[in-house]
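Enquirer: What follows is a predicted protein model with its sequence.
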Amino acid sequence: MTHPSFQTQRAQLERGHFIRVVNYHSTPTAARDELAAELAGFARDYAAVTLDDLDRLFETGTWHKDKPGLIPVFYEGYRNSATVAAPLCDELGLTGWFPIATSFVDCDPEYQEAFARAHWISLVEEDTRGGRIAMSWDEVADISGRHVVFPHTAHHEGFDTVLSDADIDREVVESKRRLEAVTGQPAPAFVWLHGSSYGQSPRHDHAVKDAGYRYQFANTMIHRVN
C-alpha cells in the first residue's frame, strides 16, 4: 500500500472520507432503547463498514462511500451482543464488529460470572441474574454470517501478561483456530486487552502477524498487519 500524503489525508477528512470507530461492551436489554437511538443516529450520518470496505480503504488509501464510515465494536462476547446489539445493527443496516474472548464463550455458564470477574470483563446487574452471560458458539456462528467476529484473545489478556510461548499460542493462535472452526471463515483481526497498539512488542507483533491476522485493532487506530 502507498501511504497518502498529509495533504491528501487532510483533503479526505474535509470531505468526510474517513472511518469512525465506536467501542461498546455489555449492551443490556434495559439500555436497548438508548443504544437503538444512538446507533440510529450513527446510521443516519455514517455508512456501514464491511470487511471488504476496510480492505479497500487500506489497499487504495481512499474511502469510497459518500458518507464517513462507522465501525461499531462490541467487545468481549457478551450474550447481549447477540440478543441486543447484533439485532439492532441488522435493523439499522450497520455492520457490527465483535471481538470475542473465546474462553469466555467456552466457559460453562455456571462459572461465567466468576470468569468475567477474574478476567477484567465488566458486568452490569442484568448480566448476573442467572443463565448465560457470554454468547453460545451457535450465536457466534449466527452473527458471523452478517457481521465481523474476531478474537479478543482467549482469556481477555493484554500482551504484557502473555509471556511464554505457550501463553502466546493459547491467546493469539488457538483463539483464532477456535473461532474459525465455528464460523467457517478466516478471523481477519485481533485485539489485545486495553487496546494495545501494534509496535509495542516485536515478539507479540510477530505472533499476531505469523498467525495470519490482517488487522490489529487498537484504541487509537486500526493497524494493517498482513
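Expert: Arrived safely.
Enquirer: if I pick residue 55, what's in contact with it?
Expert: By CB atoms under 8 Å, 6 or more residues apart in numbering, the residues touching residue 55 are residue 214. (Glycine included, C-beta is placed from N, CA and C.)
Enquirer: Does it lie in a helix or a strand, and which?
Expert: helix 51-60 (DSSP states H and E).
Enquirer: Next, the buried residues of that helix.
Expert: Across helix 51-60, burial judged by 16 or more other CB atoms under 10 Å covers 51, 53, 54, 56, 57.
Enquirer: and the helix or strand hosting residue 167, what does it pack onto?
Expert: Assigned by DSSP H and E, residue 167 belongs to helix 165-168. Applying 3 or more CB pairs under 8 Å, 6 or more residues apart in numbering; DSSP states H and E, we find helix 165-168 packed against helix 202-211.
Enquirer: could you point out which element follows the helix it packs on?
Expert: Heading C-terminal from helix 202-211 (DSSP H and E), you reach strand 215-217.
Enquirer: Run through the neighbouring helices and strands of that following strand.
Expert: Judged by 3+ CB pairs under 8 Å, 6+ apart, the packing partners of strand 215-217 are strand 189-190, strand 222-224.
Enquirer: how close does the residue lying closest to residue 215 once chain neighbours are set aside sit to residue 7?
Expert: Once flanking residues are discounted, residue 215 sits nearest to residue 189: 4.0 Å by CB to CB, 6 or more residues apart in numbering. Distance of residue 189 to residue 7, given as CB to CB, to the nearest Å: 29 Å.
Enquirer: more neighbours, those two?
Expert: residue 189 (24 against 8; other CB atoms under 10 Å).
Enquirer: check contacts around that one.
Expert: By CB under 8 Å, 6+ apart, the neighbours of residue 189 are 97, 99, 148, 150, 213, 214, 215, 216, 217, 222.
Enquirer: May I have the secondary structure class of the spatially most central residue of the chain?
Expert: In the chain, the residue lying closest to the centroid (CA atoms, centre = their mean) is residue 99, at 3.2 Å. Under DSSP: H, G, I helix; E, B strand; the rest coil, the three-state class of residue 99 is strand.
Enquirer: contacting residues for it?
Expert: Contacts of residue 99 by CB under 8 Å, 6+ apart are 73, 74, 75, 76, 77, 149, 150, 151, 152, 189, 191, 217.
Enquirer: Tell me, how many residues neighbour residue 164?
Expert: By other CB under 10 Å, neighbour count at residue 164 equals 8.
Enquirer: whoops, residue 191 was the one
Expert: Residue 191 has 25 neighbouring residues, counting by other CB under 10 Å.
Enquirer: what separates it from residue 108, distance-wise?
Expert: Residue 191 is 25 Å from residue 108, by CB to CB.
Enquirer: next helix or strand past the longest helix anywhere in the chain?
Expert: Using DSSP state H, we find that the single longest helix of the chain is helix 32-45. Per DSSP H and E, the first helix or strand lying C-terminal to helix 32-45 is strand 47-48.
Enquirer: I'd like to know which elements that next one is packed against.
Expert: Looks like strand 47-48 contacts strand 69-74 (3+ CB pairs under 8 Å, 6+ apart).
Enquirer: With that, I have no additional questions.
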